[in-house]
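Engineer: need a 3D model of the sequence below.
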Amino acid sequence: MSFAGVNDDDLATEDRAVSNDPLFRTVADVLGVSADQIDDGSSPDTLPSWDSLMHLNLVMAIEEEFQVSLTPDDTLEMRDVGRIRSILHGRGIPVTGATAGVRFMDCPEDFIPRLREFFADMYSPEYVLARDERFLRWQFSGIDAASPGGPLRMKIALVDGQLAGCVGYVPVDVQMAGRVSPGAWAANWMVDDRYRRLGLGPLLIRELSRDFDVALALGGNSDAHQLLPRMGWTDFGNLPRYVRVLDERGAALLTVAGELRWPAIAAAPAADSGLDITRVDSFDERAAALWDRTHGESGAGTRRSAEFLNWRYTRHPNFDYVRLVASRGGTVEGFAVYRIEQARDLPVRIGRMVELVASPLASRPLIDAVVDRAGQSGAAVVDFFCSSRRVAAPLVESGFLPGTESPAAEIPMLFQPVDRGRLGVLFMAHVGDAPDGASLDWYVTTADGDQDRPS
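Structural biologist: Residues are numbered from 1 along each chain as shown. This is a model prediction of the structure:
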């Protein structure tokens, strides 16, 4: 899907907020009507869907949208939209005309310096999207970007010309039980604290959800965890993690106590597969055909086309990924991708596996190949985050432990620097009207969103 750029002259007419009034928008979303049907006189008498249950939903939505706590008296007083507006005004929330100056658009080329300054202010000047313009452009120029100079895939919110919030996205094909839908991975969703009362965060996400049939996100914080399910997103929980220790002494340096007792796991012997496992420079469409056979027809996830895989692993501006393909007689039976990471301030290397798409015949040989090659590169630990149930058995057979089990739980998740406080990578998705989307076996790894990136 392509997106048109917007320049400064277009700002006067480019208004994507659907309604300039966030209260109208909130009421409309809860009651399932168009914002054009809402005015200050709207009430249960004029809107049939506004019954007692919807009234409770409306109270909760308003509290979330405007970051306000309503009392029981407030709830009883909310007899029409005008009274709700008065209640919010009484709490110092200027709803009337509050977002009249809001504009939503994809970030044009000449806004990129302002966007980087925004990241520096919101996080720090050392934040990767603030300091590394090359990485920023790679992440959000789009997989299909034919030439530089177009708008970034980064929706920004301008309030009276000031950059107030943003959400980046990576357009992908999402396959669910054989059906391919236009989707996008959201990343770097943030709003300036000064503007959060305007409901810009939810509005930015709604902008994204309207443009794509499926919207997905990894690594959301507690605020996202609470808000997105109320906006129709499905919470799939944290991605399962699998860990294998190759050098117990080196791995112990990563733990809190500086000690580690890794069990003597006897890996089940792998059968002779007769596969040829080679390192490749890039992927071709045989990888996509394999994905369709193994995950696409009955599972769900970002379709692993050659275009996606080569953008993600061949053209990455910072990481040197190792790409392995298992084949026999010209047919690709599996592929795996990993990289080697050096822990900051510690003499420890970690193998980070980010892909394992394989037939049952090729799963174990590819896992063993990753482990062997990572060990030869000096890795003390190899780990893999993946939501699909299909990878669990071959990983365990190869000597990996689920990350929630001791002693695997003692190995931290982040190494730039070592961070022992991070406990998981949350996966959430807005699948719209996709049948059984929430019940499918999703294949999601840290490389799908923005969790496998420079710090």
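
Engineer: what about the helices in the protein?
Structural biologist: If you assign secondary structure with DSSP state H, the helices in the chain sit at 22-31, 52-66, 72-77, 81-90, 112-122, 128-131, 133-140, 200-211, 222-227, 248-252, 285-291, 306-309, 360-376, 392-397.

Engineer: which stretches of the stretch 51-200 of the chain aren't confidently modelled?
Structural biologist: Low-confidence regions of the stretch 51-200 of the chain, defined by pLDDT under 70, span residues 94-102, 144-150, 196-199.

Engineer: for residue 236, which non-adjacent residue is spatially closest?
Structural biologist: Leaving out its chain neighbours, the residue that sits closest to residue 236 by Cβ to Cβ, 6 or more residues apart in numbering is residue 427, at 4.4 Å. Glycine gets a C-beta too; all of them are placed from N, C-alpha and C.

Engineer: so what's that neighbour bridging to?
Structural biologist: Under DSSP bridges, the beta-bridge partners of residue 427 are residue 218.

Engineer: which residues does it contact?
Structural biologist: 216, 217, 218, 236, 237, 238, 239, 387, 442, 444 (Cβ atoms under 8 Å, 6 or more residues apart in numbering).

Engineer: ok, now which ones touch the second one?
Structural biologist: So the one you mean is residue 217. Residue 217 is in contact with 185, 186, 187, 189, 224, 228, 233, 426, 427, 428, 429, 449, counting by Cβ under 8 Å, 6+ apart.

Engineer: circling back to that earlier point, go through the contacts of residue 427 and name the one nearest residue 175.
Structural biologist: Using Cβ to Cβ, residue 442 is the member of the contacts of residue 427 that lies nearest residue 175, at 10.4 Å.

Engineer: quickly note the distance from that closest one to residue 234.
Structural biologist: Spatial separation of residue 442 from residue 234 under the definition Cβ to Cβ, to the nearest Å is 10 Å.

Engineer: the two: which is more packed in?
Structural biologist: Comparing residue 442 with residue 234 by other Cβ atoms under 10 Å, the one with more neighbours is residue 442, at 26 against 16.

Engineer: I'd say the more buried one and residue 386 touch.
Structural biologist: No. With contact defined as Cβ atoms under 8 Å, residue 442 does not reach residue 386; the gap is 9.6 Å.

Engineer: just the C-alphas of the longest strand belonging to the chain, formatted as CSV.
Structural biologist: Scanning the chain for the longest strand, with DSSP state E as the assignment, gives strand 162-176. As requested, the backbone C-alpha atoms of strand 162-176 are provided in CSV (Å, rounded to 0.1, in the frame of the first residue of the first chain):
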residue,chain,number,x,y,z
GLN,A,162,4.0,21.6,16.9
LEU,A,163,4.9,17.9,16.8
ALA,A,164,2.9,16.3,19.6
GLY,A,165,2.9,12.6,18.9
CYS,A,166,3.8,9.9,16.4
VAL,A,167,3.4,6.2,15.6
GLY,A,168,5.7,4.5,13.1
TYR,A,169,4.6,1.5,11.0
VAL,A,170,6.0,-1.1,8.7
PRO,A,171,3.5,-2.3,6.0
VAL,A,172,3.5,-6.0,5.5
ASP,A,173,1.3,-8.8,4.1
VAL,A,174,-0.3,-10.7,7.0
GLN,A,175,-1.4,-14.2,6.3
MET,A,176,-4.2,-15.8,8.4
